[in-house]
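Following is a predicted model, sequence given first.
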Amino acid sequence: MRQTRIGAMTPFMVKEMLSVYSDLIKHHEIHPLLAIAAFNLDFLCIHPFRDGNGRVSRLLLLLQLYHAGFEVGRYISLERLIEEHKKRYYETLQLSSERWHEGKHDSWHFIQFVLYLLKKAYGEFSTRVDKIGMPKGDKTATVIEQIRKMPSGFSLSQLQNKCPDVSYDMIRKILKDLKSEGQIFAKGRGLSAHWYKKGNTLL
């Protein structure tokens with residue numbers, strides 16, 4: 001009997017959910033990520049379809065994130081991350097859906113999971129970008145700029161710390177080229193060498 005009553009109310013509940021979400025986004029009453037996560041929870045609790053509610057909720061999550069300017073889902077699969085954290089996903093969904101139909105639920109369990117998921121996605125995206133690195137010309141310019149900022153007398157390891165995205169071999173080559181051009185000179189050899197700029201001649 002309860003299932004029939006809730007089923008009959010489903011269209012009204014969906015309409016109300018859309019209206020509340022629209023107002024929250026329009027009037028900037030809360031951060032859009034909180035509104036999106038809460039909307040996703042409400043959709044799953046309403047369970048409007050006989051099958052496929054989970055897949056639809058994840059598509060809605062992706063679409064709403066795009067509209068709000070969070071486009072990490074274009075590059076990192078949120079579906080995969082949810083699958084990798086499936087146990088936590090269902091645990092937080094269970095905790096947040098308890099007494100939902102009475103309006104006495106705690107949505108923060110699920111909201112925190114969605115925020116955690118997005119943090120993971122952006123972290124993964126950042127790692128991928130770092131692996132791509134800068135074009136060679138940009139790397140050379142970065143190293144030269146850092147040499148300009150160095151005090152007179154710096155080591156290769158100090159320069160490496162300032163240029164973490166540039167390989168050791170490339171930094172050595174740039175130093176060698178600048179030395180050939182007469183812009184810097186070295187005292188010592190190998191890793192113990194200290195490099196000096198010749199006045200203000202560097203580029």
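Arrived safely, thanks for sending.

Going by C-alpha atoms from here, please, whenever you check contacts or count neighbours.
Will do.

Break the chain into its domains for me.
Domain ranges of the chain: 2-132, 136-197, per automatic domain parsing.

Tell me the gap between the last one and the middle of its chain.
So the one you mean is domain 136-197. 32 Å (CA atoms, centre = their mean, to the nearest Å).

returning to what we had before: any idea which of the domains of the chain scores lowest on pLDDT?
Comparing mean pLDDT across the domains of the chain, the weakest is domain 136-197, with a mean of 83.

what helix or strand does the residue nearest the centre of the chain sit in?
Closest to where the C-alpha atoms of the chain average out (CA atoms, centre = their mean) is Y122, at 1.2 Å. Per DSSP states H and E, Y122 falls inside helix 108-132.

Show me what the very next helix or strand once past that helix is in contact with.
With elements assigned by DSSP H and E, the helix or strand that comes after helix 108-132 is helix 136-149. Residues outside helix 136-149 that contact it (CA atoms under 8 Å, 6 or more residues apart in numbering): 159, 162-163, 165-166, 171, 174, 202.

what about the strands in the protein?
According to DSSP state E, the chain carries its strands in the segments 154-155, 184-187, 194-197.

So which of those strands is the most surrounded?
strand 194-197 (a mean of 20; mean count of other CA atoms under 10 Å).

what packs against that one?
strand 154-155, strand 184-187 (3 or more CA pairs under 8 Å, 6 or more residues apart in numbering; DSSP states H and E).

For Q146, give its distance to I174.
In this view, Q146 and I174 are 12 Å apart by CA to CA, to the nearest Å.

what about those two, which has more around it?
Per other CA atoms under 10 Å, whichever of Q146 and I174 has more neighbours is I174, with 16 against 13.

Can you get me a residue count around the closest residue to the more buried one other than its chain neighbours?
Of all residues not flanking I174 in the chain, T140 sits nearest, at 7.0 Å (CA to CA, 6 or more residues apart in numbering). By the measure other CA under 10 Å, the count of residues near T140 is 16.

Then the one 10 residues further on?
M150 has 17 neighbours, counted by other CA under 10 Å.

State the phi and psi torsions of it.
Backbone torsions for M150, taken as degrees, to the nearest 10, come to phi -70, psi 150.

For it, give me its contacts.
Neighbour list for M150: empty [criterion: CA under 8 Å, 6+ apart].

Could you measure from it over to N161?
With CA to CA as the criterion, M150 and N161 are 12 Å apart.

just checking, the residue nearest to the centre of the chain touches F70?
No - Y122 lies out of contact with F70 (CA atoms under 8 Å); the separation is 9.7 Å.

about what we covered before: ok, of the contacts of helix 136-149, which come out buried?
159, 163, 165-166, 171, 174 (16 or more other CA atoms under 10 Å).

Of those, which is the nearest to L34?
D165 (34.9 Å; CA to CA).

Please state the backbone phi and psi of that closest one?
The phi/psi pair for D165 (degrees, to the nearest 10) is phi -90, psi 0.

one step back: closest to V14 out of the buried ones among the contacts of helix 136-149?
Using CA to CA, the buried ones among the contacts of helix 136-149 come closest to V14 at D165, 49.1 Å.

Tell me which of the buried ones among the contacts of helix 136-149 fall in helices.
Among the buried ones among the contacts of helix 136-149, DSSP state H puts 159, 171, 174 in helices.
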